[in-house]
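Need a 3D model of the following:
(2 chains)
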Amino acid sequence: MPKRPQKERRALECFYRVKSCVDGEVRSMVRVRYAPSPTGSPHVGNIRTALFNWVFARHHQGKFIVRIEDTDRSRYVPTSEQEILTSLCWLGLDWDEGPEVGGPYAPYHQSQRLEIYQRIAHQLVEEGKAYKCFCTPEELEQMRAQQRAQGASVTMYDRRCRRLTPAEVRAREEAGLPYVIRFAMPLEGTVEYEDLIHGHTVFRNALTDDFVMLKSDGYPTYHLANVVDDHLMEITHVIRGDEWISSMPRHLNLYRALGWEPPQFAHLPLLLGPDRQKLSKRHGAVQFTEFIREGYLPDAMFNFLALCGWNPGDNREILNREEIIELFSLERVSDNPFIFDHNKLLWMNGYYIRQLSKEQLVAWCLPFLQEAGLLPKELDEDTRAYAERVIPLEQEKMKVLKDVVTLTDFFFKEDLAVDQNAVKKWYSMPHIPQMLEELIRRYEALEPFTAPEIERVTREVIAWLGVPSGHVIHPVRVAVSGRTTGPSLFEMLEVLGKPRVLKRLRQAQQWTV
RNA sequence: GGGGCCAUGGUCUAGGGGACUAGGACGCCUGGUUUUCAGCCAGGAGGACGGGGGUUCGAAUCCCCCUGGCCCUACCA
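So this is what the prediction gives:
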């Protein structure tokens, strides 16, 4: 666990709240943001970050802000912003300021704030804290190649343009050469901060090169835009993934150069795959929308994601939203990487599915059956009523809602997929023809066709045949479902209904010849 | 290569010098319930806390070194 003394961490976390009390201000001072980049379908890890920010905000009665960091035109994917927002909505993470809802710090798309970044970048150039760099990508590549050839272990921008004289700069500008603006990193000294999760961290400035703040197309890089917006939007706590820790010297020096007070920082442990590599497509589903499509429940995802790096301190694992919001604190966020366990998610989702009422379960499952073509898009009353009786039969077996399809398809399909091994096993016994004949005769006459009645009659047949009950029950199950596993037999027969049961038993009579 | 982060059963995690014979969960195994599977209930296996040095009467817990893993090292975020 974190090395920082607990009390100290708590004090840091509450810094802004304390301040707001002291100032006697009414408004809540905690402001956090989720700043996704619309470069594709959102990653679970990314949504986990959103969730931690949201929970933190709600815990402190603060504001949760969504800011779209669309500053990379080459990787921009138009549909992804909608996917991101939809994912947040699906999980129940509502935002107080951001796209669609606006807010006092609008706009919330960085692509609409270019003038701000440009103004600040140029201001830093004028103050000598940044400079124009006219190096072309080819030149930079050549420089790196050269450094490597000379055996240099670190390839770092050699700051050649930082040494340009004003006259040289002017000449290049007049020649119309494109340029980027680089931050002039201090050549010595250190920068340090208190990470709310990792504790005290120090970096040497000399090890960080003069990073690009403003690209030649006029767009800012993450480093600039993020610092500028966090300050302008009065973000109090930056909660993001561990991969950003190494950028801290850049960000901190930028704050310093701009004369701004940096917010608090909390870096969340990375989500890893089972092979301890950064979680990626190779590990199965990682796009959040895949989880939605597979049939995970929002509450289960919420619970599971909250546990990806955080725990309440007691042994509880099943926690609802209110409990999570109530108990959440950064001090209980682990600082070691979290291996994403699909298996455990599956278990948890199954647990949540089992807690659903029959009505809720049906409502969640119907779309999956329709999607699979087992049910029509428009349900008539009878079909709906039938589905409402079928679905709950397999509730306890589902791990994801999509399971309902393979679990119940034989209720809806006319052509059964029959397990031939099962037929071989159960239909070679001598009593089978007689058994089928007798069952058909008795079921036909049975009224009402209900589970208790079916069971009574079936047990009579079993006694009459003088065979173990399994020798009747299993063959019947195979006959009506085509498989060896399924819901409790008599209930299953009742739900299937007399016509379907008789039809399938008659079909099974042919297996014996 | 450099910098940073991390290190408790297969996985997640509790642990903040003595309450640890290291607790819980997933997974795994066994038994029970039952017409099957699942579920549920009850048990069980599995860890000398990455290694080595310290500090201390006492260390999973504090310090140092090593090792390993990961992240960053872009006109990507």
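
just for chain A, where's the confidence low?
Applying pLDDT under 70 to the predicted model, the residue ranges of chain A that meet it are A:1-28, A:152-153, A:513.

quick one, strands of it?
Using DSSP state E, the strands found in chain A span residues A:31-34, A:63-66, A:130-133, A:180-183, A:190-195, A:199-204, A:212-214, A:237-241, A:264-268, A:271-272, A:338-339.

Partner strands of the third one and their direction?
Strand A:130-133 sits in its sheet next to strand A:180-183 (antiparallel), going by DSSP bridges.

is RNA strand B contacted by the strand it pairs with?
Yes - part of strand A:180-183 sits close enough to RNA strand B to count as contact by Cβ under 7 Å from any atom of the strand, namely A:V180. Any C-beta I mention is one placed from the backbone N, CA and C, and that applies to glycine too.

likewise stretch A:108-128?
No - interface with RNA strand B: stretch A:108-128 contributes nothing (Cβ under 7 Å from any atom of the strand), its closest point being 8.2 Å away.

okay, now A:V238: neighbour count?
21 (other Cβ atoms under 10 Å).

mind checking how far it is from A:A257?
18 Å (Cβ to Cβ, to the nearest Å).

As a check, name the ranges of all helices in the stretch 201-350 of chain A.
For the stretch 201-350 of chain A, applying DSSP state H, counting those that start in this stretch gives helices covering A:222-232, A:248-258, A:288-294, A:298-306, A:321-327, A:342-355.

Repeat that for the stretch 351-500 of chain A.
Applying DSSP H, counting those that start in this stretch to the stretch 351-500 of chain A gives helices spanning A:358-371, A:381-390, A:403-412, A:420-426, A:432-445, A:451-465, A:470-481, A:489-496, A:498-509.

Export the ones you listed as CSV, with columns for mean neighbour count and distance to RNA strand B.
Output for the helices of the stretch 351-500 of chain A, formatted as CSV (neighbours: other Cβ atoms under 10 Å; distance: least, Cβ to the nearest atom of the strand, whole Å):
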stretch, mean neighbour count, distance to RNA strand B
helix A:358-371, 17, 14
helix A:381-390, 15, 14
helix A:403-412, 20, 8
helix A:420-426, 15, 10
helix A:432-445, 17, 14
helix A:451-465, 16, 7
helix A:470-481, 21, 4
helix A:489-496, 21, 4
helix A:498-509, 17, 14
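
for the ones you listed, which one sits closest to A:D217?
A:D217 lies closest, by Cβ to Cβ, to one member of these: helix A:358-371, at 42.1 Å.

Report the contact partners of A:K358.
By Cβ atoms under 8 Å, 6 or more residues apart in numbering, the contact set of A:K358 is A:388, A:391-392, A:395.

Closest one to RNA strand B out of those residues, please.
The nearest member of the contacts of A:K358 to RNA strand B, counting by Cβ to the nearest atom of the strand, is A:Q395 at 8.9 Å.

what about the closest one, neighbour count?
Residues near A:Q395, counting by other Cβ under 10 Å: 19.

Tell me what the nearest residue to A:S41 once chain neighbours are set aside is bridged to.
Once flanking residues are discounted, A:S41 sits nearest to A:Q287: 4.2 Å by Cβ to Cβ, 6 or more residues apart in numbering. According to DSSP bridges, the partner residues bridging A:Q287 are A:H43.

A:E173 - how many residues pack around it?
A:E173: 12 surrounding residues under other Cβ under 10 Å.

and it, what does it touch?
So A:E173 contacts A:132, A:179 (Cβ under 8 Å, 6+ apart).

Was I right to think A:P274 contacts A:N343?
No - the pair formed by A:P274 and A:N343 falls short of the contact definition of Cβ atoms under 8 Å, at 9.4 Å.

Those two: which is more packed in?
Neighbours per residue (other Cβ under 10 Å) separate A:P274 from A:N343, with A:P274 holding more: 13 against 10.

Now for the more buried one: which residues touch it?
With the criterion set at Cβ under 8 Å, 6+ apart, A:P274 makes contact with A:283, A:339-341.

ranking those by neighbours, who comes first?
A:F340 (24 neighbours).

Report the separation between that residue and A:R293.
A:F340 sits at a distance of 18 Å from A:R293 (criterion: Cβ to Cβ).

cool, and A:F52?
Per Cβ to Cβ, A:F52 is found 24 Å from A:R293.

These two: who's more crowded?
Comparing A:F52 with A:R293 by neighbour count (other Cβ under 10 Å), the higher total belongs to A:F52, at 25 against 15.

hang on, isn't the more buried one packed against A:W310?
Yes - with the criterion set as Cβ under 8 Å, A:F52 and A:W310 qualify as a contacting pair; they are 7.2 Å apart.

Need the residues touching each of these two.
With Cβ under 8 Å, 6+ apart applied, the overlap between the contact sets of A:F52 and A:W310 consists of A:V333.

near RNA strand B, which residues of the stretch 101-250 of chain A?
Proximity of the stretch 101-250 of chain A to RNA strand B (Cβ under 7 Å from any atom of the strand) is limited to residues A:135-137, A:140, A:144, A:153-157, A:178, A:180, A:198-199, A:201-204, A:207, A:209, A:211-212, A:215-217, A:219-222, A:242-247.

The residue lying closest to A:R483 once chain neighbours are set aside and RNA strand B: what is the separation?
Nearest non-adjacent residue to A:R483, counting by Cβ to Cβ, 6+ apart: A:D419, 5.0 Å away. Counting by Cβ to the nearest atom of the strand, to the nearest Å, the gap between A:D419 and RNA strand B amounts to 11 Å.

Which residue comes closest to A:D96 once chain neighbours are left out?
With Cβ to Cβ, 6+ apart, the residue lying closest to A:D96 is A:K63, at 4.5 Å.

coming back round to it: pull the contacting residues for the residue nearest to A:S41.
If a contact means Cβ under 8 Å, 6+ apart, then A:Q287 has A:41-44, A:281 as its contacts.

same thing with A:L379?
The neighbours of A:L379, taking Cβ under 8 Å, 6+ apart as the test, are A:366, A:387.

Please report the distance of it from A:F412.
If you measure A:L379 against A:F412 using Cβ to Cβ, the figure is 12 Å.

What ranges does the stretch 1-150 of chain A have for its helices?
Counting by DSSP H, counting those that start in this stretch, the segments of the stretch 1-150 of chain A that form helices are A:6-13, A:15-22, A:44-59, A:80-91, A:114-126, A:137-149.

Of those, flag the one that's most buried.
Mean neighbour count (mean count of other Cβ atoms under 10 Å) peaks for helix A:44-59 among the helices of the stretch 1-150 of chain A, with a mean of 23.

How far does that helix sit from its chain's centre?
10 Å (Cα atoms, centre = their mean, to the nearest Å).

what about it, near RNA strand B?
No - interface with RNA strand B: helix A:44-59 contributes nothing (Cβ under 7 Å from any atom of the strand), its closest point being 8.5 Å away.

circling back: settle this for me: the residue nearest to A:R483 is touching A:V478, isn't it.
Yes - counting by Cβ under 8 Å, a contact exists between A:D419 and A:V478, whose distance comes to 6.9 Å.
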